[in-house]
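Colleague: Pasted the sequence and its predicted model underneath.
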Amino acid sequence: MNCFVTGASGFIGGNLVHELVARGHRVKALLRPGSDRRGLRGLDFEPVEGDVGEPERWRMAMRGSDWCFHVAASYHLWLRDYAPMYAANVTGTRNVLEAAAAAGCARIVYTSTVGCIGLPKAEGGRVTPTDETAETAPHQLSNHYKRSKWQAEQVARELAAKGLPVVIVNPSAPIGPRDVKPTPTGKVILDFLNRQLPAYLDTGLNWVHVKDVAVGHILAAEKGRVGERYILGSADGNWTMKEALAVMSELTGMPAPAFRVPYLVALWAAHVNEAMAGLTGRPPKAPLAGVRMAKYKMFFNPAKAVRELGLPQTPPRQAFADAIAWFRGNGYVMAGGKK
């Protein structure tokens, strides 16, 4: 297939391009000028320079594509001005999806997030993972990133309802190789390896191997039902932060942090951090949005994607092992981190 991929320099996008090329598909990758392309080294693909906000620059390049994967997004938990993030995530999504339909793409896969799915409910000390049927309540859209992605998903659903061949995928918390920046989830692993994680919050995520997420995008193009959304996660990956740190300790031989930061203490520190950021212009180390999200255990059920798409289920322990190996093998770990 001829494929057009936005966000190809990112963590999920880069791994997606690797999987597409490995399967013999031809790829055009939309890349912003000056973007970090280390995650795409050694791949045979056609770069297309441009930005999702400027469709006139790349609309012609999309012609002849069978599949379009719109992975690009602006992901920030703190900005002085959030308008550019809404422009990229909401207006940019409409630009890409409408251009892909005009170009004749048979399938358009839009990358959303589990942040657009209703949060799990805790009852009697147990958290029941939610699935694609759980809609997000307005109060759960606790930061601009989640709000912008929710609005973007509404654009995707609206266009699918009008007949555009859009399939929505909602990745959970991917980890693994080629996390160049790294992402916030990868930063947890990297901070652990560099002994820069003295304490932790009582939160939880659905950890999933990034390769499974990348393959899930391809399966969505092959088998996904138009207008449906699919959680790309791991059935065995609903771990608390304490459980995740224990696995990292087992894999590395390094001690896990023992001190759990009370939520209210973390919230107070985040308020102070953001006040300082407003004065200095430097991003806070502990954004308020991140702390507020950490209040909830983000546990999800990917059964629909497993059943309908055949989503792979790599053990999350292997995902951690692969992420650790990649960070160590690519110069991210400072001297002193155990091998």
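Modeller: Okay, I see it.

Colleague: C-alpha only now, for contacts and for neighbours.
Modeller: Noted.

Colleague: hmm, who's touching stretch 307-318?
Modeller: 207-209, 212, 215-216, 219-220, 223-224, 232, 234-237, 247, 305-306 (Cα atoms under 8 Å, 6 or more residues apart in numbering).

Colleague: What are the boundaries of the strands in this structure?
Modeller: 2-6, 26-31, 46-49, 67-70, 107-111, 121-123, 126-128, 166-171, 173-175, 199-200, 204-209, 229-232, 238-240, 259-260 (DSSP state E).

Colleague: Comparing those strands, which yields the minimum mean pLDDT?
Modeller: Least confident of the strands of the chain, judged by mean pLDDT, is strand 121-123 with a mean of 79.

Colleague: Paired strands for that one, with orientation please.
Modeller: Sheet pairing for strand 121-123, assigned by DSSP bridges, gives strand 126-128 (antiparallel).

Colleague: And the strand it pairs with, how far out from the chain middle?
Modeller: 23 Å (Cα atoms, centre = their mean, to the nearest Å).

Colleague: With stretch 255-262 instead?
Modeller: Distance, centroid of stretch 255-262 to centroid of chain: 26 Å (Cα atoms, centre = their mean).

Colleague: Skipping its backbone neighbours, what lies nearest Tyr86 in space?
Modeller: Once flanking residues are discounted, Tyr86 sits nearest to Ser148: 5.4 Å by Cα to Cα, 6 or more residues apart in numbering.

Colleague: What is the burial count for the one you found?
Modeller: Neighbours of Ser148 under the rule other Cα atoms under 10 Å: 25.

Colleague: tell me the pLDDT at the residue lying closest to Val261 once chain neighbours are set aside?
Modeller: Nearest non-adjacent residue to Val261, counting by Cα to Cα, 6+ apart: Leu201, 5.4 Å away. Predicted confidence (pLDDT) for Leu201: 88.

Colleague: related to what we said a few turns ago, need the strands of the chain in CSV with mean neighbour count and distance to Ala270, can you?
Modeller: Below are these laid out as CSV (neighbours: other Cα atoms under 10 Å; distance: least, Cα to Cα, whole Å):
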stretch, mean neighbour count, distance to Ala270
strand 2-6, 24, 33
strand 26-31, 22, 33
strand 46-49, 16, 37
strand 67-70, 27, 32
strand 107-111, 27, 29
strand 121-123, 12, 25
strand 126-128, 14, 26
strand 166-171, 27, 26
strand 173-175, 28, 22
strand 199-200, 16, 14
strand 204-209, 26, 19
strand 229-232, 30, 30
strand 238-240, 21, 21
strand 259-260, 12, 16
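
Colleague: Wait, the residue nearest to Val261 touches Arg260, no?
Modeller: Yes: Leu201 lies in contact with Arg260 (Cα atoms under 8 Å); the separation is 5.6 Å.

Colleague: can you map out the helices along the stretch 1-150 of the chain?
Modeller: Secondary structure of the stretch 1-150 of the chain by DSSP state H, counting those that start in this stretch: the helices cover 11-22, 83-86, 92-102, 144-161.

Colleague: Select, out of those helices, the one closest to Gly53.
Modeller: With Cα to Cα as the measure, helix 92-102 is the member of the helices of the stretch 1-150 of the chain nearest Gly53 (5.2 Å).

Colleague: Contacts for the closest one, please.
Modeller: Helix 92-102 is contacted from outside by 52-53, 55, 59, 62, 68, 70, 108, 152, 155-156, 159, 164-166, using Cα under 8 Å, 6+ apart.

Colleague: Cool, thanks, signing off.
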